[in-house]
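Okay, predicted coordinates and the sequence, questions at the end:
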Amino acid sequence: MVLQFPSGLKQIKGFTVDTFGQHGNISQEKQKNRTKESLVTSKLLFGETHVNSINKKIAFTGWILLFLFSAAGAFAAQRPYPFLTKITRSAYPHAHAVLAKENEHIRFRKDGRYVDRDEIFMTILDEKGKQSEKIQSFYINRDYAKLTVKVMEVIKPDGRVVPVDLAANSREDTPLSNTEANIYDPTQKVLKVFLPDLQVGDTIHYRVLRDYFKSIIPNHLYGMALGQYTFPVRFYQFTLEGPESVKLHTLIKDRVRGTVSYTARQEGGQRIYQWTFRNVPQITPEPAMPSFTRVAMRLLYSTLASWEEASRWYAALVEPKLSPTPEIIRKVKALTKGLSGNAAKARAIYYFVAQKIRYMGITAEKNRPGFEPHAVSLTFNRRYGVCRDKAALLVSMLRVAGLKANMVLVSVGSKLDREIPVPYFNHAVAVLRDETKTPLTYMDPTSETSKQFFPDYERDSSSLIADKHGETLRITPTLSPDRNLFQVTIRDVFSSGLSLYGKINGVCTGFIDTVFRSIMMAKGQQEREAFLLRMFKRRYPGIEMGHVRCSNPADRTAPFSFSIDFRIKKAAVSGEKGVVFLLPLSNMKNPGVLDRWILGKANMVSRKYPLRFGYTYMTRIREVINFKEIPLEIRLPATSNISDNIVDCRTSYALKKDSALVITREFALKKIEVTPEQYKQILSVQHDRQIKEILPVVLRSQK
């Protein structure tokens, strides 16, 4: 079951992934756990495609595959399949389903077109497997390929074969994610097939022929074949056959020892490459792990000699679309009038494209639908477009302003393998470069409510700049944690009645600013105030709050900020001999906006796979406590600060001349992703933070 991201909508074992040329819904959980039904919406590349997991094959879908189902090919003949007797619960005690057997053969031409013949047997072992497999989803794009189902049937344990009536048990719809994102593509459909007689112990058997009559990159073939999934693979044979004159680059990554063999031979002017995967153990998914295709055993293949070749191809595709019209030139002049410096000009142009060009569109390109942007004149006049359209308009307008800008392909939230050029990108953005072509600033104009040019969820991801001279694969830069800063200043008074009262002031920058704005812009004034009150009440039980003020979330000229008056009636506990145990407000649990959400992902004792946090950030809390009655003695908790290349976790105490106590707590997460070894350091930090939350300041009064 080969993954042909840019080359077609390809049904693959176990889950689906939207691919190069599409926007869509990616279910991270379904990539890792085939039993979960929830879908996580994510913006992806050049259109909108709803991605739905089908437990049988990981349907890595691209947007370029036409599935032409034919019921005439289904039949119910009694045929012996002795290998199915080896698929038992005792042989596979932890599996919901097993890939009993698959034979896939791809025959390709010099021009990149190919035919894929695939036969699959998937056995259901329990109720979870049945529920996951009873509906099969196929995504259709008639611009690039067609598919004929030769056989679709269910094999019963006693050998009976029950054909599936496709006409009676299938339905073709428009992908829901398309309409949700205001995208209309008449060539993209999803065909859902219901298996009405599927039971535990049954085997789903189908044979399909996929005819890719148009290649994405002319004269090239590339793809990925997964040899490992979240279910066991008993046998999978994958064959590539093509002209001897075509150079094919291949590599197996994350090989599972002793499970794969390889042969190659020449025959009749063709070269035949064959890989056989046997008895491959299933992967047990972990929460917040990277993309499945980064950890599973996988075969990469490509006729592209380098990433530079892919870069030149995309540059040639998009450059003719970037020519500005007189109207665009006049608009750029109006936007930049009176502005000095490239940064100010870039900011004005970016916010125009991000906020005034609506994210929606109709896919009607003729050359490479789903990849090529519309002419910038069309996007500008219509005032709408999908990501590639908005990125192209932004690049064109930046160039009019005298800035060096290019379009960029991004694999959002994931990294591609550098060794073999398999351009599975899923988004298009823009980049500003300097005189040496070094990237300066990445810009994503689909982020319509953000003050940031480039959202954090697209950082630490593979990217490829479209350049006529060719560019290599890069990683989008990670922000310094202090660029995503949540800073809270608390000024309060501790009274003899053991209460604390004062004011909280908060200021947000970077992604945290974006989070607050996106929440607050959807709320009225009273709802905004209620949201802020709930946020702190959850962090410090017993706090009473009132008189909330917050800045206008629609005003992007200044960071989002707020202030709240508060009172804690019982902030301390009295002991013997005038001793008081005070828990300052800065001791609150998970004081930052992102702490609980991001650090909460570290919820396992150990990990086999990396943990992807997705963001870097910093939380800084500074509390100044004044005492209504100055204590005779102040005893401060011992501090144990942690600082390394992953996190900074610091607490400091200082006494001012006026006897005010200043407490500063800082936490910074420096890595978007950590290895299993580094994960242990995250657990140590969590433990340290939990201890600091309950350590009081000890006061002794003069009485």
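That came through fine. On a predicted model such as this, the values are computed, not experimentally measured, just so you know. Numbering: from 1, shown residues only.

Now do the SS call for the residue positioned nearest the centre of the chain.
What sits nearest the mean C-alpha location of the chain, by C-alpha atoms, centre = their mean, is residue 413, with 3.9 Å. Under DSSP: H, G, I helix; E, B strand; the rest coil, residue 413 falls in the coil class.

what's downstream of the longest helix along the chain, the next helix or strand?
Longest helix in the chain by number of residues, with DSSP state H as the criterion: helix 676-694. Sequence order places strand 697-700 as the next helix or strand after helix 676-694, per DSSP states H and E.

Show me where this protein has its helices.
Using DSSP H, helices in the chain cover 28-32, 127-133, 166-169, 176-180, 307-318, 326-336, 342-356, 376-382, 387-400, 510-520, 525-539, 595-599, 676-694.

Now do the buried residues in the shortest one.
In other words, helix 166-169. For helix 166-169, the neighbour count (16 or more other C-beta atoms under 10 Å) marks 166, 169 as buried. For glycine as for every other residue, the C-beta is placed from the backbone atoms N, C-alpha and C.

Tell me how far it lies from the chain's centre.
Averaged C-alpha coordinates place helix 166-169 at 35 Å from its chain's average position (C-alpha atoms, centre = their mean, to the nearest Å).

can you check the fifth one too?
Using C-alpha atoms, centre = their mean, the distance from the centre of helix 307-318 to the centre of the chain it belongs to is 24 Å.

hmm, who's touching that helix?
217-218, 304, 367-368, 371-373, 388, 392, 406-407, 409, 418, 421, 423, 464-473 (C-beta atoms under 8 Å, 6 or more residues apart in numbering).

Now a ChimeraX select for only the buried ones of the residues you listed.
Those of those that count as buried under 16+ other C-beta under 10 Å are selected in ChimeraX with:
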select :217,304,368,371,372,373,388,392,406,407,409,421,423,464,465,466,467,470,471,473
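
So which of the contacts of helix 307-318 belong to strands?
Using DSSP state E, the members of these that fall in strands are 406, 407, 409, 464, 465.

I'd like to know which of these is nearest to residue 84.
residue 409 (42.9 Å; C-beta to C-beta).

Any idea how many residues pack against residue 90?
Neighbour count of residue 90, defined by other C-beta atoms under 10 Å: 5.

give me the low-pLDDT residue ranges for the stretch 101-250 of the chain?
Scanning the stretch 101-250 of the chain for pLDDT under 70 picks out 175-185.

just so I have it, where are all the strands in it?
Using DSSP state E, counting those that start in this stretch, the strands of the stretch 101-250 of the chain run over residues 114-124, 135-141, 145-155, 161-163, 170-173, 183-184, 188-194, 203-212, 222-226, 233-243, 249-253.

In the sheet, which strands lie alongside the third one, parallel or antiparallel?
Put plainly, it is strand 145-155. With DSSP bridges as the test, strand 145-155 is paired with strand 161-163 (antiparallel), strand 203-212 (antiparallel).

Can you give the distance from the last one to the centre of its chain?
Here the centre of strand 203-212 is set off from its chain's centre by 29 Å, with C-alpha atoms, centre = their mean.

oh, and call the first residue 39 from now on, that's how I've got it
In the new count, where the first residue is 39, that last one comes out as strand 241-250.

Using CSV, write down the CA coordinates of that strand.
C-alpha atoms of strand 241-250 as CSV (Å, rounded to 0.1, in the frame of the first residue of the first chain):
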residue,chain,number,x,y,z
THR,A,241,-11.5,-11.1,6.2
ILE,A,242,-12.0,-8.1,3.9
HIS,A,243,-10.6,-8.9,0.5
TYR,A,244,-10.4,-6.5,-2.4
ARG,A,245,-8.4,-6.1,-5.5
VAL,A,246,-8.1,-2.7,-7.2
LEU,A,247,-6.4,-1.2,-10.2
ARG,A,248,-5.3,2.4,-10.0
ASP,A,249,-4.5,4.2,-13.3
TYR,A,250,-2.6,7.4,-12.6
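
Residue 297: neighbouring residues, count only.
Residue 297: 17 surrounding residues under other C-beta under 10 Å.

Residue 629 too?
23.

For it, which non-adjacent residue is closest in space?
Using C-beta to C-beta, 6 or more residues apart in numbering and skipping the chain neighbours, the partner closest in space to residue 629 is residue 659 (5.1 Å).

returning to that earlier point: so who does the residue nearest to the centre of the chain touch?
Going by C-beta under 8 Å, 6+ apart, residue 451 touches 80, 329, 495, 496, 499, 650, 652.

gap between the residue nearest to residue 718 when sequence neighbours are not counted and residue 713?
Nearest residue to residue 718, sequence neighbours excluded (C-beta to C-beta, 6+ apart): residue 644, at 7.6 Å. Distance, residue 644 to residue 713, by C-beta to C-beta, to the nearest Å: 12 Å.

okay, these two: which has more neighbours?
The neighbour comparison of residue 644 against residue 713 (other C-beta under 10 Å) goes to residue 713, with 13 against 10.

ok, the residue lying closest to that one once chain neighbours are set aside - how many residues close by?
Spatial nearest neighbour of residue 713, chain neighbours left out: residue 648 (5.5 Å); criterion: C-beta to C-beta, 6+ apart. Applying other C-beta under 10 Å, we find 20 residues neighbouring residue 648.

For residue 527, state which of the contacts of residue 451 is nearest.
Set against residue 527, the nearest of the contacts of residue 451 by C-beta to C-beta is residue 652 (27.4 Å).

tell me the pLDDT at the closest one?
Residue 652 is assigned 89 on the pLDDT scale.

Quick check on it: phi, psi?
With angles defined as degrees, to the nearest 10, residue 652 sits at phi 100, psi -20.

That one is in contact with residue 710, isn't it?
Yes: between residue 652 and residue 710 a contact is recorded at 6.1 Å, counting by C-beta atoms under 8 Å.

shared neighbours, these two?
Counting by C-beta under 8 Å, 6+ apart, the contacts common to residue 652 and residue 710 are residue 494.

for the strands paired with strand 183-193, which one ends up most surrounded?
Among the strands paired with strand 183-193, ranked by average contacts under mean count of other C-beta atoms under 10 Å, first place goes to strand 241-250 (a mean of 22).

angle of that one against strand 173-179?
Between strand 241-250 and strand 173-179, the angle comes out at 0 degrees (axes from the mean of the first three to the mean of the last three C-alpha atoms, to 10 degrees).
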